[in-house]
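Undergrad: starting from these lines, generate the structure:
(2 chains)
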2 protein chains.
Amino acid sequence: VVETSGGGSYPVRIGAGVLESLPMMLEERVRSRHLAVIADDRVAGLHAGRVMTLLEGSGHRVDLYTFPEGEASKSRKEWARLTDAILEGGMGRDGCLIALGGGVTGDLVGFVAATFMRGIPVVQIPTSLVAMIDSSVGGKTGIDLPGGKNLAGAFHPPRFVLIDPELAATLPPEERAQGLMEALKHGAILDRSYFDLLRADAKDLLDGEVAPTVRAVRRSVDLKADVVGQDEREAGIRQILNFGHTLGHALEAESGYRLPHGTAVARGMVLEARLGERLGVTRPATADRIAAAVRDFGIDPTVEPLGRDEVDRILRHTERDKKVRDGATRYVLIEEIGVASPADGWSRVVGSREVEAVLSFPGGETV
Amino acid sequence: VVETSGGGSYPVRIGAGVLESLPMMLEERVRSRHLAVIADDRVAGLHAGRVMTLLEGSGHRVDLYTFPEGEASKSRKEWARLTDAILEGGMGRDGCLIALGGGVTGDLVGFVAATFMRGIPVVQIPTSLVAMIDSSVGGKTGIDLPGGKNLAGAFHPPRFVLIDPELAATLPPEERAQGLMEALKHGAILDRSYFDLLRADAKDLLDGEVAPTVRAVRRSVDLKADVVGQDEREAGIRQILNFGHTLGHALEAESGYRLPHGTAVARGMVLEARLGERLGVTRPATADRIAAAVRDFGIDPTVEPLGRDEVDRILRHTERDKKVRDGATRYVLIEEIGVASPADGWSRVVGSREVEAVLSFPGGETV
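TA: Next comes the predicted model:
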């Protein structure tokens, strides 16, 4: 159960086979009789048939809408097209959307729901590991703008979340690894024993074994729900979930979004841990421990030393970050694995020369 | 003070000259150092200079953005353009928007604020009487879609509202009359003595006398704030604010939006009162009393008897209303002036034959 700032809460059901409880959960939590299942074309091919069959005979009117797979669909254009399509399909303020898919789907469909007739309910059914571990919980929705990712959006908590790891059964190990970087992050900021457990389970998690996957998803969702329940709108402690993301997003942008998000966050965590070490906030050797954990999942945490121009571009990317406050880029640092630094309201301003030093010698050498 | 569903509240300051308190209110209620004043080009010409001067030397960075006057600006296009413009201007998550203008401005700028980086604060400074009396309070924001008005939007309560009737000093009486129709509605659903006071003050209100205007705005805001505080998201009692609006919106749409909103709502109230009389819910002669009050403000409440085709089109418009639930159009009815009918959750389904009868004989004759 996740608490929302409105004083409400929503349940998150996690387990192999929980998808079957969809009709019952709708009955309990959503009064709408008119449902729209929205998925990208790939996920629709894999799972929409089963979801539609589940809802058959439930007394709901159910329509299916699809959109092209990929981050490019997190656009104003696709938001407008889907909004017009469900409107055309007769959806009213008493309708409910079901977001079936990965992070892009959850964000896009969540934003359609948040803004449709000033907000209609949405149910999140994640099908990717990163959405199960991270993005389906917390109520963030949004689309990308020409100026950057997630720049238009809203907080719109789902009515409920169904996380059924069986929906992710067909994912290749490399994609699982990407999602598990957010789990490592949860361990790094909040729970050292979880961090160690993930390393111990790495091989099974990459292989898609159900039991350790359910265990990890459950732990990550519990950790995140606790943080989000304290601070849904990211005014305080929720910021710690951005560990690794300030530099991670900048690396991602600098690569023209060719670098996968998980890899970018992993490298961002290593760099931000080095930054903390340099500032005397983070216990020595923490960055190396994170790098080792990242390698356990087959992801290369190495950032080559960057030249003057690249460093400048990275710094410029961080200045356009949503986390900028009073014109200064803010960083979440950890004290050690499992302990985020409370700092000044859970984030702090770091001088660009310190960041520059870390980016110029990302292996940890000092000048 | 208006309560919000998030457990917070926001102050509404009403009075001649309260605009002067803008810097102090910003200091107290908004931490942002970066402000964007947004107005349509006409209002910017009238009032932006004064607002910018007031904020000079307040330690804020203040930018001014304008957009073309008129309902056509409540569009996805203008929402996107303003969002990109403030982003380009360096606005971050720590910024704040100031909506300076009438209903269109409040709705549009409110929606930009609601969706910018998942929501930044907005301050409402209404300059039209309808915005002062009605739309600046309550947190509704939105834009129009090809499929209808206000179909995309969000609930995004302002940080505070400053209502300074001096900003409306230059409005012509006909425009004041339009805004006062919402005040009559507040009286009709909630407060008979207010309804009578408005009639008694009609001439002074149309002339723009400050004292009765402040009195009316204050009473309307108090009445509305009380309703909104009980039910921000219009799940229950807030629906009573839609009295006159189900048929009013349909008349407006049927006219291709040539009929002014206030006139449409006035006629909608008369028709919906007749509907209530027909159904035995509304005390006889109530519709005539509303019609007389509307005439006091120089607005013609008369709807000519409609033919078969027109009635069908009106009914079709009501079926596309946001208030439709389970496929049925819902109406707010009153028992008498000042008393909304609790009905089935403050609104009720009315058979289309009853509506048809009223539209065919809007003068009140029965078959």
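
Undergrad: run through the residues that contact residue A:150.
TA: Residue A:150 sits next to A:74, A:107, A:140, A:142-144, A:322, B:117-118 when contact means Cβ atoms under 8 Å, 6 or more residues apart in numbering or on different chains. For glycine as for every other residue, the C-beta is placed from the backbone atoms N, C-alpha and C.

Undergrad: these in helices, which ones?
TA: residue A:107 (DSSP state H).

Undergrad: of the contacts of residue A:150, closest to residue B:253?
TA: residue A:143 (29.0 Å; Cβ to Cβ).

Undergrad: ok, and the closest non-adjacent residue to the closest one?
TA: residue A:74 (4.7 Å; Cβ to Cβ, 6 or more residues apart in numbering or on different chains).

Undergrad: contact partners for the one you found?
TA: Applying Cβ under 8 Å, 6+ apart, the residues near residue A:74 are A:104, A:107-108, A:142-144, A:149-150.

Undergrad: ditto for residue A:198
TA: Applying Cβ under 8 Å, 6+ apart to residue A:198 gives the contacts A:180, A:183-184, A:187, A:205, A:216, A:293.

Undergrad: could you pull up the mean pLDDT of the helix or strand harbouring it?
TA: Using DSSP states H and E, residue A:198 falls within helix A:192-207. Averaging pLDDT along helix A:192-207 yields 98.

Undergrad: next structured bit after it?
TA: Counting by DSSP H and E, what follows helix A:192-207 is helix A:210-230.

Undergrad: now neighbour count and secondary structure too, for the contacts of residue A:198, in a markdown table please.
TA: Compiled in a markdown table, these are given as follows (neighbours: other Cβ atoms under 10 Å in any protein chain shown; DSSP: H, G, I helix; E, B strand; the rest coil):
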| residue | neighbour count | secondary structure |
| --- | --- | --- |
| A:180 | 29 | helix |
| A:183 | 28 | helix |
| A:184 | 29 | helix |
| A:187 | 24 | helix |
| A:205 | 25 | helix |
| A:216 | 26 | helix |
| A:293 | 25 | helix |
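
Undergrad: looks like residue A:245 contacts residue A:268 (just checking).
TA: Yes - using Cβ atoms under 8 Å, residue A:245 makes contact with residue A:268 at a distance of 6.0 Å.

Undergrad: is chain B within reach of stretch A:81-90?
TA: Yes - for stretch A:81-90 and chain B, the contact criterion (Cβ under 8 Å from any Cβ of the partner chain) is met by A:83-84, A:87-88.

Undergrad: in PyMOL, how would I select the buried members of the residues you listed?
TA: If you want just the buried ones from the residues of stretch A:81-90 next to chain B in PyMOL, going by 16 or more other Cβ atoms under 10 Å in any protein chain shown, the selection is:
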select buried, chain A and resi 83+84+87
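
Undergrad: just the residues of stretch A:81-90 next to chain B: which are in helices?
TA: Short answer: the residues of stretch A:81-90 next to chain B in helices (DSSP H) are A:83-84, A:87-88.

Undergrad: from those, which is closest to residue A:349?
TA: Scanning these for proximity to residue A:349, where the rule is Cβ to Cβ, the winner is residue A:83, at 38.8 Å.

Undergrad: which residues touch that closest one?
TA: A:112, A:115-116, B:145, B:151-152.

Undergrad: tabulate the ones in helices among the residues of stretch A:81-90 next to chain B (CSV), appending pLDDT and distance to residue B:313.
TA: Below are those laid out as CSV (pLDDT from 0 to 100; distance: Cβ to Cβ, whole Å):
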residue, pLDDT, distance to residue B:313
A:83, 98, 24
A:84, 97, 22
A:87, 95, 19
A:88, 94, 19
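
Undergrad: chain center to stretch A:342-352: distance?
TA: The chain centre lies 22 Å from the centre of stretch A:342-352; the measure is Cα atoms, centre = their mean, to the nearest Å.

Undergrad: let me know whether that stretch sits next to chain B.
TA: No - Stretch A:342-352 does not reach chain B (Cβ under 8 Å from any Cβ); its nearest approach is 11.7 Å.

Undergrad: how about residue A:58, secondary structure?
TA: coil (DSSP: H, G, I helix; E, B strand; the rest coil).

Undergrad: from the centroid of chain A, which residue is nearest?
TA: Geometric centre of chain A, nearest residue: residue A:135, 3.4 Å, by Cα atoms, centre = their mean.

Undergrad: that one and residue A:108: what is the separation?
TA: Counting by Cβ to Cβ, to the nearest Å, the gap from residue A:135 to residue A:108 is 11 Å.

Undergrad: show me the contacts for the residue lying closest to residue A:20 once chain neighbours are set aside.
TA: Ranked by Cβ to Cβ, 6+ apart and with sequence neighbours excluded, the top spatial neighbour of residue A:20 is residue A:54, at 7.0 Å. With contact taken as Cβ under 8 Å, 6+ apart, residue A:54 is in contact with A:19-20, A:22-23.

Undergrad: please pick the buried ones from these.
TA: Of the contacts of residue A:54, these count as buried by 16+ other Cβ under 10 Å: A:19, A:22.

Undergrad: and the contacts of residue A:54, which of them are in helices?
TA: Using DSSP H, the contacts of residue A:54 in helices are A:22-23.

Undergrad: farthest pair within the contacts of residue A:54?
TA: Across the contacts of residue A:54, no pair lies farther apart than A:19 and A:23, at 10.2 Å, counting by Cβ to Cβ.
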